[in-house]
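Asks: This is a predicted model, with the sequence first.
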Amino acid sequence: MSCYAENEPCTTVNELILECRTCEALTWLEAAIFFALMLSAQVGDRALNAELLENRWNLYLSCKHFEQ
């Protein structure tokens, strides 16, 4: 973390938190897309993939990034 902060001396803690929240949202979105593709390709356990897709999508939508 200190190495990252050294490269951006004007970055505030709040800006770092916002960046982390943005990355978190993208992580959940990536997972949701993966499980959606698993469903469309009919690979693996369909019910489990549908459950995981719904869970990851809801996590994406609930990210604090959207509250800013």
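Replies: Here it is on my side, so go on. Numbers count the residues shown, from 1 in each chain.
Asks: Helices of the protein, residue ranges please.
Replies: Assigned by DSSP state H, the helices in the chain fall at 2-7, 13-40, 46-61.
Asks: which ones are touching residue 53?
Replies: Shown in contact with residue 53 (C-beta atoms under 8 Å, 6 or more residues apart in numbering): 32, 35, 36, 38, 39. All C-beta atoms are positioned from the backbone trio N, CA, C, and that covers glycine.
Asks: Okay, now the unreliable bits of the protein?
Replies: Applying pLDDT under 70 to the chain picks out residues 1-9, 64-68.
Asks: Mind doing that once more with 90?
Replies: Scanning the chain with the threshold set as pLDDT under 90 gives 1-25, 63-68.
Asks: Any chance of JSON lines for the contacts of residue 53, columns neighbour count and distance to residue 52?
Replies: Listed next are the contacts of residue 53 as JSON lines, based on neighbours: other C-beta atoms under 10 Å; distance: C-beta to C-beta, whole Å:
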{"residue": "32", "neighbour count": "20", "distance to residue 52": "9"}
{"residue": "35", "neighbour count": "20", "distance to residue 52": "5"}
{"residue": "36", "neighbour count": "16", "distance to residue 52": "10"}
{"residue": "38", "neighbour count": "18", "distance to residue 52": "8"}
{"residue": "39", "neighbour count": "16", "distance to residue 52": "9"}
